[in-house]
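Peer 1: Sequence and predicted structure are below.
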Amino acid sequence: MNIKNAEWKDGIYKADQESSIEVYPQWTDKMKNALTDGNEYTGNVYALFDGLCYDGIVSKVYINGNEISTPQGSDGNDDYTVHITIEDTNKPILIEFPTAGSYKLEGIRISIQDMSELPGQVAVRNLSGVENTEIGVNTVQAQINPQDKGYVFFSIPYSKNWRAFYNGDEVEIIKADYGFMAVEATSGIGEIELKYHSVWLEVGRWMTFISCLIFFLLYRMEWPERRKE
């Protein structure tokens, strides 16, 4: 790592002028194979910044010429993962800080994600996806055909008022991806039905029914008197 026109110590990066950091990753043969397949790039490279923020007006940071914004101050959520393009593993990754000042920067890491198997994984996922989805007022029905046992994800906000039925049998709804719903399913063709059932909705329906019944009874009681008149 080569730092130009700046000082980086104890998680604080200070620069009196435009500065930069040259990162020289130690590319192993395995990493290079994950990154390239002959002349075709099949891997994604990410730069991970731990605790990055700027002590001043919002600034810009450039990674191999690609711009990202740095927030002002720290709100406890200032870690960044940035996708970058690597054209030559013999060249450093250039991180530029065009604005002088003080930055909080606890660390820099480089990560490679092998993408060579992604097309096959997508094809398998498509084969085991949800089919023939029907959405009603308070219901969702879906035909499924998973190849293996797993979970069927629904991008519907999780609520205890939902009930799930798998092939006619009531099953548990699992909170997935923080605030959505998933239902466990086995391999093979099946059907999942979600039904929304609110206690207060039922109370409202009964109150409406009782109100209509009382109105009808009162009307019937007054009807003979009106006929006499």
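Peer 2: Cool, got the structure.
Peer 1: what's the least confident helix or strand in the protein, going by average pLDDT?
Peer 2: Between all helices and strands in the chain, the lowest mean by mean pLDDT, DSSP states H and E belongs to strand 40-41, at a mean of 54.
Peer 1: At the geometric centre of the chain, which residue sits there?
Peer 2: The chain has Asp177 as the residue nearest its centroid, 7.1 Å off, counting by Cα atoms, centre = their mean.
Peer 1: Quick check: which element contains the residue lying closest to it once chain neighbours are set aside?
Peer 2: Leaving aside its sequence neighbours, Asp177 sits nearest to Phe153 (Cβ to Cβ, 6 or more residues apart in numbering; 7.2 Å). For the C-beta atoms, the positions are set from N, CA and C on the backbone; glycine is no exception. Phe153 is part of strand 150-154, with elements assigned from DSSP states H and E.
Peer 1: Quick check: buried residues in that strand?
Peer 2: The neighbour-count check on strand 150-154 (16 or more other Cβ atoms under 10 Å) flags Val152, Phe154 as buried.
Peer 1: what do you get for stretch 174-191?
Peer 2: Within stretch 174-191, judged by 16+ other Cβ under 10 Å, the buried ones are Ala176, Met181, Ala182, Val183, Ala185, Gly190.
Peer 1: Make TSV out of these and add pLDDT.
Peer 2: Putting the buried residues of stretch 174-191 into TSV (pLDDT from 0 to 100) gives the following:
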residue	pLDDT
Ala176	82
Met181	88
Ala182	89
Val183	91
Ala185	89
Gly190	90
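Peer 1: pLDDT weak spots in the chain?
Peer 2: Applying pLDDT under 70 to the chain flags residues 34-43, 56-59, 69-78, 114-129, 198-203, 219-229.
Peer 1: ok so, going back, next secondary structure element downstream of the least confident helix or strand of the chain?
Peer 2: Under the assignment DSSP H and E, the closest C-terminal helix or strand after strand 40-41 is strand 43-50.
Peer 1: elements contacting the next helix or strand after that next one?
Peer 2: Read in the C-terminal direction, the helix or strand following strand 43-50 is strand 53-54, with elements assigned using DSSP H and E. Packing partners of strand 53-54 (3 or more Cβ pairs under 8 Å, 6 or more residues apart in numbering; DSSP states H and E): strand 101-104.
Peer 1: Report the strands that pair with the strand it packs on, each with its relative direction.
Peer 2: For strand 101-104, the paired strands and their directions (DSSP bridges) read strand 12-15 (antiparallel), strand 53-54 (antiparallel).
Peer 1: any idea how far Lys195 is from Ile156?
Peer 2: Between Lys195 and Ile156 the distance is 12 Å, computed by Cβ to Cβ, to the nearest Å.
Peer 1: Now the common contact residues for those two.
Peer 2: Contact criterion Cβ atoms under 8 Å, 6 or more residues apart in numbering; residues bridging Lys195 and Ile156 by contacting each: Trp162.
Peer 1: Show the backbone phi and psi for Thr85.
Peer 2: Thr85 adopts backbone torsions of phi -100, psi 130, taken as degrees, to the nearest 10.
Peer 1: Contacts only, for the closest residue to it other than its chain neighbours.
Peer 2: If you skip the residues right next to it in sequence, Thr85 has Asn64 as its closest partner in space, 6.3 Å away by Cβ to Cβ, 6+ apart. Applying Cβ under 8 Å, 6+ apart to Asn64 gives the contacts Ile84, Thr85, Ile86, Ile93, Leu94.
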